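>>> Sharing a model that was predicted from the sequence below.
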Amino acid sequence: QKEVEQNSGPLSVPEGAIASLNCTYSDRGSQSFFWYRQYSGKSPELIMFIYSNGDKEDGRFTAQLNKASQYVSLLIRDSQPSDSATYLCAVTRRTNAGKSTFGDGTTLTVKP
Amino acid sequence: SAVISQKPSRDICQRGTSLTIQCQVDSQVTMMFWYRQQPGQSLTLIATANQGSEATYESGFVIDKFPISRPNLTFSTLTVSNMSPEDSSIYLCSVAVGSGNEQFFGPGTRLTVL
């Protein structure tokens, strides 16, 4: 079992819809959870992070964390074609000196 | 956040040679990492670059192949030694900052080995 698993996708949604990206992790000692967006040919950029159970909203993005279920998700409301990218989930342990474990990513395509 | 630059942005190298990649950060950071990302794949951590001590390598990566220097808190280099075509990849440096150790990535170095 991979430490961080994401739906491989690709995920395709129409413009204006809600895109839902999911991530599960195996290490119960995980403390911090991150979502990165990576456009083709570019490096990953941080878009959201969450530490506590529940929801965290930032503009059109909402991160959801459920530590009991070892599940973290990213919702993108009013999806735009510019949201088309690969989304990487990353998880950090408290004792791991800042190292993150990354999932394989989910490729999202938003169709006009 | 942090602003990170890498040099070179890309290079084409011959088998058996070595390439040194530089990573410069605009502020002092404790944690710096080197990753490899092959086309269509996710990130693979090579090592953690520690200031004032040897780098900490992940399983499958060794110092002789990927020597790392970290002379101060704003700079690091990764050398890819005795290159083979299998080393063709994008190499990324990142730093962890903030209370949650959020990572910020450099633009990457695209390496092609012929």
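Thanks, I have the structure now.

>>> Which residue is the nearest non-sequential neighbour of residue 16?
In the absence of a named chain, this looks at chain A. Spatial nearest neighbour of A:Gly16, excluding adjacent residues (CB to CB, 6 or more residues apart in numbering or on different chains): A:Asp78 at 5.8 Å. Backbone N, C-alpha and C define where each C-beta goes, glycine included.

>>> The intended chain is chain B.
For B:Gly16, ignoring the flanking residues on the chain, the nearest one in space by CB to CB, 6+ apart is B:Asn82 at 6.0 Å.

>>> Surely that neighbour is in a helix?
No: assigned with DSSP: H, G, I helix; E, B strand; the rest coil, B:Asn82 falls outside any helix and is coil.

>>> And stretch B:6-26, end to end?
One end of stretch B:6-26 sits 12 Å from the other (CA to CA, to the nearest Å).

>>> How far does that stretch sit from its chain's centre?
Here stretch B:6-26 shows a centroid-to-chain-centroid distance of 9 Å under the convention CA atoms, centre = their mean, to the nearest Å.

>>> Quick check: longest strand in chain B by residues?
Scanning chain B for the longest strand, with DSSP state E as the assignment, gives strand B:89-97.

>>> Can you give the strand pairings for that strand, parallel or anti for each?
Strand pairing for strand B:89-97, determined by DSSP bridges: strand B:31-37 (antiparallel), strand B:102-105 (antiparallel), strand B:109-113 (antiparallel).

>>> can you pull the contacts of B:Phe104?
B:Phe104 makes contact with A:Leu46, B:Ser1, B:Ala2, B:Val3, B:Ile4, B:Ser94, B:Val95, B:Val97 under the criterion CB atoms under 8 Å, 6 or more residues apart in numbering or on different chains.

>>> Would you map the strands across chain A?
Using DSSP E, strands in chain A cover A:4-6, A:11-14, A:19-25, A:30-38, A:45-50, A:54-58, A:61-66, A:71-76, A:85-93, A:100-102, A:106-111.

>>> For B:Ile90, which of those strands is the nearest?
For these, the distance to B:Ile90 is smallest for strand A:30-38, at 10.7 Å, taking CB to CB.

>>> Can you give me the pLDDT of A:Ala97?
Confidence at A:Ala97, expressed as pLDDT, is 63.

>>> What about the closest residue to B:Val29 other than its chain neighbours, how many residues nearby?
Using CB to CB, 6+ apart and skipping the chain neighbours, the partner closest in space to B:Val29 is B:Val95 (4.3 Å). Counted with other CB atoms under 10 Å in any protein chain shown, the neighbours of B:Val95 add up to 29.

>>> Helix or strand with the lowest mean pLDDT in chain A?
strand A:100-102 (a mean of 90; mean pLDDT, DSSP states H and E).

>>> Do it and chain B come into contact?
Yes: with CB under 8 Å from any CB of the partner chain as the criterion, chain B is reached by strand A:100-102 at A:Ser100, A:Phe102.
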